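dropping the sequence and predicted coords here.
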Amino acid sequence: MTSVRIGLDVGTTAIKAAAYLADGRLVARADRASSAMAAEGGRSEQDMDAVWQGSAGVLRDLVQRLDGTPVAALGLCGQGDGLWLVGADGEPVGPAMLWNDTQAARDVAELSASGAIGAVGLCCHTALWPGTSGAIWRWLGRHDPARRAAAAHAFTCADWVGSKLTGVIATDLSNASIPFLDIRTGRYAEAALAALDCADLGPLLPAPRRADSCLGGLTEAAAAATGLPPGLPVSVPTLDISAMALGLGLTRPGQTLLIMGTTAVVAILTDTVEPTEAPVGASALHPTSDAIIRIFAPTSGAAAFDWFAALHPLSLGGATAEAVAEKLNALVATVPPGANGVTFLPYLNGERAPFVAPEARAAFHGMTARTTKADLARAVLEGTALSLRHCFVAEDGLPREPVRLTGGGSRNPMWCQIIADVIGVPVVTSAISDHGLWGAAMLGAAAAGLGPIDDLVARSEPTRTYTPDPAAVRAYGPVFDRYRRFSDASRELNAAVAPAQDAS
């Protein structure tokens, strides 16, 4: 009987697993919701045991749907950054603090003002934000020193699940990159650890390895929890963005991945990074090649679409996401590029890229008595696309070859065309959206010795290309200039107002 390869993706809001044949055909899939705990002060946490139980449950659901089909390998990826601490007994010492936790915002501001963040930039070429492990570890030192003292290992989400599956502690090069890895040597940098007052965190970090190497075999306990066979090879866990890039076949410099999910992501593959004290965005080593992934993650992607639609439940409501999109797109189609002078800054949850500003706020600019709901709707779609262009411009200019677009927004033709027109190059989407799962599954296959990763990830899939409209491309030049001016002015204003808001 033909065997399958399983991919597991442990996200912030959902845990997914899928089984594939070697040619890329999907055999079965299972999904479960995962919940984060948010509270005042910027807290965002997850119960680590619940995440493991959810992961085991998803795998168990998948095994039941496979109905006896043999499994050859398991690969996994997950949400990145944050801080997942366990004690010497391998059990959590508290809830995981997530990538979008902002409790350490003041610490980051202090580190920036003192110049300490420059040491991080010179090693990993990453702009520090509150949800990175170093910022959180430093914050815990002041607010929960007992949890720090009890910690024996510091994981990412995928590392945690990998340890529960195999009993082995490791991380991959992508997950290890932010914020302490020297991207030139592939080793943790003592200078960066010391600069953030995190020297005692260094010994807790797992040694980084390639993601297509074998983490270990499934333990008896994990086999009982998941229904998978004991000893099943499991790959070293990787970052979800890295698994997605790999699943799309992106391994060489010059290639670009865009994700229009709840948040947006611009991932540019390069080999020419020169670390600086004040980098823009983040850098992660590619999980299997020599490329470096420059990552820009604006906080608002499809969340901005959902927010605007929810403000108009009568006119833009619908039973499905597709129904909502159809109504909103009908409005957008009546408005020309530039939204009749309206500009939307999509900083609904602060901003992480191309600049770090937790205090940033969303805004509409340019409204008049003649502004319509259709103008505002188009401005929302344009604002998210303009933020992607802003990331490109802040890095090394607009892309020179077609980009791959995935995530929920890639299923909205109107939005895809706007993105193509705004960045000025073709945008390629796929009818399938499981590239992270596929990439993880093939990492598992490579770790099991079933072939080289570049050969394993190659598969045939239907794609659609959105070609930029020359007239729209020309129109968006001054629109982007307008967006930049409002963005710059807004950053200055919000930075000045934030201290007064904190004191009130």
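Alright, I've got the coordinates.

distance between the ends of stretch 180-188?
By CA to CA, to the nearest Å, the extent of stretch 180-188 from end to end equals 5 Å.

would you mark the buried spots in that stretch?
Phe180, Leu181, Asp182, Ile183, Tyr188 (16 or more other CB atoms under 10 Å). Any C-beta I mention is one placed from the backbone N, CA and C, and that applies to glycine too.

let me have the residues you listed in a markdown table, adding secondary structure as columns.
Shown next, in a markdown table, are those (DSSP: H, G, I helix; E, B strand; the rest coil):
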| residue | secondary structure |
| --- | --- |
| Phe180 | coil |
| Leu181 | strand |
| Asp182 | strand |
| Ile183 | coil |
| Tyr188 | strand |
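
closest to Arg484 among the residues you listed?
Comparing the buried residues of stretch 180-188 against Arg484 with CB to CB places Ile183 closest, at 28.6 Å.

surely that closest one and Glu274 touch.
No - Ile183 lies out of contact with Glu274 (CB atoms under 8 Å); the separation is 10.3 Å.

between the two, which contacts overlap?
Residues within reach of Ile183 and of Glu274 at once, by CB atoms under 8 Å, 6 or more residues apart in numbering, are His125.

spell out which residues make up each domain of this protein.
As recorded under automatic domain parsing, the domains making up the chain are 4-247, 300-428+466-497.

tell me which of those domains sits nearest to Leu443.
Among the domains of the chain, the nearest to Leu443 by CB to CB is domain 4-247 (3.9 Å).

quick one: the helices in the stretch 351-500 of the chain, in order.
Assigned by DSSP state H, counting those that start in this stretch, the helices in the stretch 351-500 of the chain fall at 373-395, 413-423, 435-447, 453-456, 470-503.

go through the last one and flag the buried ones.
Along helix 470-503, the positions that meet the burial threshold by neighbour count (16+ other CB under 10 Å) are 472-473, 475-476, 479-480, 482-483, 486-487, 490-491, 494, 498.

pull up the pairing partners for the helix or strand of the chain with the lowest mean pLDDT, direction included.
Least confident helix or strand, the chain: strand 37-39 with a mean of 82, by mean pLDDT, DSSP states H and E. Strand 37-39 has these partner strands in its sheet, going by DSSP bridges: strand 43-46 (antiparallel).

now the strand it pairs with: average pLDDT?
Averaged across strand 43-46, pLDDT comes to 95.

using PDB, list the CA coordinates for that strand.
Once non-C-alpha atoms are left out, strand 43-46 reads as follows in PDB (Å, rounded to 0.1, in the frame of the first residue of the first chain):
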ATOM      1  CA  ARG A  43      -0.900  40.500  26.900                       C
ATOM      2  CA  SER A  44      -1.300  37.600  24.400                       C
ATOM      3  CA  GLU A  45      -0.700  34.100  25.700                       C
ATOM      4  CA  GLN A  46      -1.600  30.500  25.000                       C
END
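
other SSEs contacting the following helix or strand past that strand?
Remark: after strand 43-46, the chain's next helix or strand is helix 48-66, criterion DSSP states H and E. Counting contacts by 3 or more CB pairs under 8 Å, 6 or more residues apart in numbering; DSSP states H and E, helix 48-66 packs against strand 4-10, strand 14-20, strand 26-33, helix 157-166, helix 220-226.

from Ala73, how far off is the closest residue to Ala447 other than its chain neighbours?
Distances taken as CB to CB, 6 or more residues apart in numbering put Ser235 closest to Ala447, at 3.7 Å, once the chain neighbours are dropped. Look at Ser235 and Ala73: by CB to CB, to the nearest Å, they are 7 Å apart.

give me the common contacts of these two.
Residues within reach of Ser235 and of Ala73 at once, by CB under 8 Å, 6+ apart, are Gly444, Ala447, Ala448.

with those residues in mind, which one is nearest to Thr171?
Ala447 (14.3 Å).

that closest one contacts Val234, doesn't it?
Yes - here Ala447 reaches Val234: they are 7.0 Å apart, a contact under CB under 8 Å.

higher neighbour count, those two?
Val234 (29 against 23; other CB atoms under 10 Å).

is that one bridged to anything, and to what?
Bridge pairing for Val234 - DSSP bridges - gives Leu74, Gly216.

and it, what does it touch?
73-76, 162, 165-166, 214-218, 444, 447.

run the last query once more with 7 Å
Contact analysis of Val234 by CB atoms under 7 Å, 6 or more residues apart in numbering lists Leu74, Gly162, Leu165, Thr166, Leu215, Gly216, Gly217, Leu218, Gly444.

with Trp84 instead?
Taking CB under 7 Å, 6+ apart as the criterion, Trp84 is in contact with Met48, Ala96, Phe155, Thr156, Cys157, Asp159, Trp160.

so it belongs to a strand, correct?
Yes - Trp84: assigned to a strand according to three-state DSSP.

is it bridged to anything, and to what?
Under the criterion used (DSSP bridges), Trp84 bridges to Phe155.

now it: how far from Trp160?
5 Å.

now the common contact residues for the two.
The overlap between the contact sets of Trp84 and Trp160 (CB under 7 Å, 6+ apart) consists of Met48.

low-confidence ranges, the protein, go.
Counting by pLDDT under 70, the chain shows low-confidence ranges at 1, 498-504.

for the residue of it positioned farthest from its centre, give its distance to Asp81.
What lies farthest from the middle of the chain is Ala369; by CA atoms, centre = their mean that is 38.8 Å. According to CB to CB, Ala369 and Asp81 sit 44 Å apart.

please report how far the nearest residue to Gln417 once chain neighbours are set aside lies from Ala339.
With CB to CB, 6+ apart as the criterion, Gln417 has its nearest non-adjacent residue at 5.1 Å, and that residue is Tyr466. Using CB to CB, one gets 19 Å for the distance from Tyr466 to Ala339.

again, but for Ala323
23 Å.

ok, these two, which is more surrounded?
Ranked by neighbour count (other CB under 10 Å), Ala323 and Ala339 place Ala339 first, with 26 against 12.

and the more buried one, what is it in contact with?
Asp375, Arg378, Ala379, Glu382.

closest to Tyr20 out of these?
Glu382 (37.0 Å).

with Thr343 as the reference, measure out to the closest one.
8 Å.

and those two? Which one has more around it.
The residue with more neighbours, out of Glu382 and Thr343, is Glu382; 28 against 23, by other CB under 10 Å.

pretty sure that one contacts Ile419?
No - using CB atoms under 7 Å, Glu382 makes no contact with Ile419, being 9.4 Å away.

now render the contacts of Val234 as a markdown table, adding neighbour count and distance to Gly7.
Below are these laid out as a markdown table (neighbours: other CB atoms under 10 Å; distance: CB to CB, whole Å):
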| residue | neighbour count | distance to Gly7 |
| --- | --- | --- |
| Leu74 | 32 | 8 |
| Gly162 | 32 | 13 |
| Leu165 | 29 | 13 |
| Thr166 | 23 | 16 |
| Leu215 | 28 | 14 |
| Gly216 | 20 | 17 |
| Gly217 | 19 | 18 |
| Leu218 | 24 | 15 |
| Gly444 | 31 | 7 |
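
wait, a helix at Asn76?
Small correction: residue 76 is Leu, not Asn. No - Leu76: not assigned to a helix; according to three-state DSSP it is strand.
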